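A.B. asks: Provided below are the primary sequence and the corresponding predicted coordinates.
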Amino acid sequence: MKTLTVTAFAILTAGAAAVAQQSPLTLWYNKPAEIWTDALPVGNGRVGAMVFGGAAHERIQFNEITVWTGEPHDYAHKGAYKSLQPIRELLWAGKQKEAEALAMKEFMSEPLHQKAYQSLGDLIIDTPGADNPTNYKRSLDLDTGIATTKFTANGITWSREVFVSHPANAIIVRITSSKPAPFTVSLKCGHADCKDGATLSGQVKDSAIRFDARFNKQTDATSTTLILTASTNFKSYKDVSADPAARNTSTLAAIGKKSYDTLRAEHIRDHQALFRRVTLDLGAAASSALPTDERIAAFATGSDPALVTLLFQFGRYLMIASSRPGGQPATLQGLWNDSNTPAWDSKYTDNINTEMNYWPVEETNLSECHLPLFDALKELALAGAITAKEHYNARGWVVHHNFDLWRGTAPINASNHGIWQTGGAWLSTHLWEHYLFTGDKEFLRTTAYPLMKGAATFFIDALVKDPKTGLLYTGPSNSPEQGGLVMGPTMDREIVRSLFGETVAAAKALNVDPDLREQLTALRGKIAPLQIGQHGQLQEWMEDTDDPTNQHRHVSHLWAVYPGSEITPYGTPDLFKAARQSLIFRGDAATGWSMGWKLNLWARFLDGDHAYKIMQNLLAPASDGNKALKIPSHPGVFKNMFDAHPPFQIDGNFGATAGITEMLLQSDDPYATPTSLTAVQSGDAGFLHLLPALPSALPDGKVTGLLARGGFEVSITWKNGKLVSAVITPRQSKPLKVRYAGKEKDFAAKAGQPISLGATL
Ligand code: FUC
């Protein structure tokens, strides 16, 4: 009896010690993953893996970002522009169905659908005799980017660490046992045209993509390091001439005999250089000692501010792991996909999802993770110029509501929602944002402005006059993804107005193209303005046809509140009220990404408690559902904190990180507002708003390292819901307005000279 008590005490003490060592930025679980969305993601922007943490049978499913179906292809429908005017005329005549039918026949992408991102394979580790592990724990430390599995079986203590090194360009697995013990390692291929074994080499079905994956092993008596690399023949959307095996051999040769400790240290250094730029402390909670899935289950009814911190930093972690310079942008699932028929092809849906992926990137100080999107834009501008010519007989470039690895830009799927003209325009606003945050003039001159100019030029040619009012708008297009094909949806007008304003500001900053500036300014003034409808709502369409009971997941017409800034409480109070009314009509319940959008919107409506309520819905246990077992599907987050539409879509994770940031700090883009052109002329850098939407559930905290438009680094401390202090470090010398609790103060900011604020401005 005595011995038993002592043993139990010893276990408890050991357990407490383990908890004490637990970094608060850790996701952890006391059993292996049962399904893929229980597994833990690691990645380096190009290669990603999901670690299941099985004891006897470990599965590490892995991806390479260019393993896709398809091949280089131009999707434009040759001569589609011939039906453009007839489609518009049918719409003006109120014949929407006829217009959609004609468009379906004459105006759609060839082929009608785009291609899909694929899984590559699994790394399997079989450990005989480890079926009944004790002292089991698996975890993902966001601060180191390392997934760890620990357990004891048959008197042997095992430890496995997995990370994907960006500097070494490989998945690294370290297996350690307390005594020498056997286990086997093999690769399992996710494609028909390839055999399981030590090397995977094959071709994706119906695709020009060939892939190769292989590993090296470094072993001593009780530890083994596996170095796994994966590559394809993909070089660009037009070129698949690389040799995947040669790529892998040279990666492995470059790593050579580097020790595990060196590889690990290099990886941590590289990861933390990005991850540690922002810290957030919202206070601890007793529940931090519980496994992450239990905390998620308890979040809505308990108090666990540290879980909000974890969600915030998980989004930053996923960004670092899925979007690195030189790679592809994060897909609908980031980098992680175990299916060869994934939902929506796990491609790029840019009528919200791709942009939402990048909402937190600048403000949470990960600017360089934005670059893969800009590399994709360079290719989209080339492919989209052909679509602009063939579909609109227009100059410039256009992207409709999806793109893929092959840079399809033409309207896909169905004419009632596939014909949406402002994908390229919205994506182009990200170029300007990158400039606003970084102040990088060279980027503006060489990358951003040429692309923005091309996107704007398309609309110089493609905008049409409303026959009733003579005002300008886009069409045919749609308010994503409802209401069918129309002329002049509100969202398009908001996006084009922003794009024109920003292009003028960019040309002015570079001192180029005065004629174009004048032309865009004049056209911008003629774009149909925003309207308030019969229910006090912001109209979603030109006509006042909004249905106040419509709870559609897309809230497209609120684009001008967030991510745009045409509607603000200061500049446009009536529109602000109407937009808020529209969001109230839409309701709080939504798919994962839609909650991500609503969270940001409620923060922009300066209502922290409503934003928090949305976050509680977002941070609830999710389920994919099971029809056979009559289990309903449910949005929220899965056990591994992946956001659920459902199914898993990563946009909601990034939307959540952006939304938490918007609660703490907002900054203005003076160029996108109707008064912006004056603002640009007066050199106004906009403003910073400290704690604009702080929820009462997060009364105490500290954030460091956030970035604001205009190039300011911001740290804020608050207590009992009130500002204690803030430090604003300007990267450039410029005027600055700081706003807090209804007060404003002006500063003449000097580059590198921190401005310290106390509890009042
Ligand atoms: C848009 C959304 C869907 C989904 C898909 C990937 O079509 O309307 O909800 O997120 O993208």
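C.D. replies: Cool, the structure landed.

A.B. asks: Let me see the ranges of the strands in the stretch 351-500 of the chain.
C.D. replies: Under the criterion DSSP state E, counting those that start in this stretch, the stretch 351-500 of the chain contains strands at 402-403, 464-465, 472-473, 477-479, 482-486.

A.B. asks: of all the residues in the stretch 451-600 of the chain, which ones are close to the ligand?
C.D. replies: 481, 553, 591, 593 (CB under 6 Å from any ligand atom). Yep, even glycine has a C-beta here, placed from its N, CA and C like the rest.

A.B. asks: Adding neighbour count, write these out as JSON lines.
C.D. replies: Converted to JSON lines, those look like this (neighbours: other CB atoms under 10 Å):
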{"residue": "481", "neighbour count": "20"}
{"residue": "553", "neighbour count": "20"}
{"residue": "591", "neighbour count": "18"}
{"residue": "593", "neighbour count": "29"}
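
A.B. asks: how about the residues of the chain that lie near the ligand?
C.D. replies: Counting by CB under 6 Å from any ligand atom, the chain sits next to the ligand at 332, 344, 349, 353, 481, 553, 591, 593, 645, 649.

A.B. asks: Next up, the contacts around the fifth one.
C.D. replies: Going by CB atoms under 8 Å, 6 or more residues apart in numbering, residue 481 touches 351, 401, 417, 554.

A.B. asks: Repeat that for the fourth one.
C.D. replies: Under the criterion of CB under 8 Å, 6+ apart, the contact list for residue 353 reads 332, 593, 649, 651.

A.B. asks: In strands, which of the residues you listed fall?
C.D. replies: With strands defined by DSSP state E, no entry of these lies inside them.

A.B. asks: Reformat the residues you listed as a markdown table; add pLDDT.
C.D. replies: Listed next are those as a markdown table, based on pLDDT from 0 to 100:
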| residue | pLDDT |
| --- | --- |
| 332 | 98 |
| 593 | 98 |
| 649 | 98 |
| 651 | 98 |
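
A.B. asks: can you redo those as JSON lines with distance to residue 373?
C.D. replies: Listed next are the contacts of residue 353 as JSON lines, based on distance: CB to CB, whole Å:
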{"residue": "332", "distance to residue 373": "14"}
{"residue": "593", "distance to residue 373": "17"}
{"residue": "649", "distance to residue 373": "17"}
{"residue": "651", "distance to residue 373": "13"}
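
A.B. asks: Those in helices, which ones?
C.D. replies: Residues from the contacts of residue 353 lying in helices, with DSSP state H as the criterion: 593, 651.

A.B. asks: farthest-separated two in the contacts of residue 353?
C.D. replies: Greatest spatial distance among those (CB to CB): 332 and 593, at 9.3 Å.

A.B. asks: Pull the distance from stretch 65-79 to the chain's centre.
C.D. replies: 23 Å (CA atoms, centre = their mean, to the nearest Å).

A.B. asks: for stretch 349-360, same thing?
C.D. replies: 6 Å.

A.B. asks: What average pLDDT does it get?
C.D. replies: Averaged over stretch 349-360, pLDDT sits at 98.

A.B. asks: Quick check: end-to-end length of it?
C.D. replies: 18 Å (CA to CA, to the nearest Å).

A.B. asks: which of the residues in that stretch are buried?
C.D. replies: For stretch 349-360, burial by neighbour count (16 or more other CB atoms under 10 Å) applies to 349-360.

A.B. asks: Dump the residues of the chain next to the ligand into a markdown table; add distance to residue 148 as well.
C.D. replies: Below are the residues of the chain next to the ligand laid out as a markdown table (distance: CB to CB, whole Å):
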| residue | distance to residue 148 |
| --- | --- |
| 332 | 28 |
| 344 | 33 |
| 349 | 34 |
| 353 | 31 |
| 481 | 42 |
| 553 | 37 |
| 591 | 32 |
| 593 | 30 |
| 645 | 29 |
| 649 | 27 |
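
A.B. asks: Sort out which of the residues you listed are in helices and list them.
C.D. replies: Those of the residues of the chain next to the ligand lying in helices (DSSP H): 353, 593.

A.B. asks: Next one: the residue nearest to residue 37 when sequence neighbours are not counted relative to residue 658, how far apart?
C.D. replies: Taking CB to CB, 6 or more residues apart in numbering as the measure, residue 37 lies nearest to residue 638, with 3.6 Å between them; neighbours along the chain are not counted. For residue 638, the distance to residue 658 (CB to CB, to the nearest Å) stands at 20 Å.
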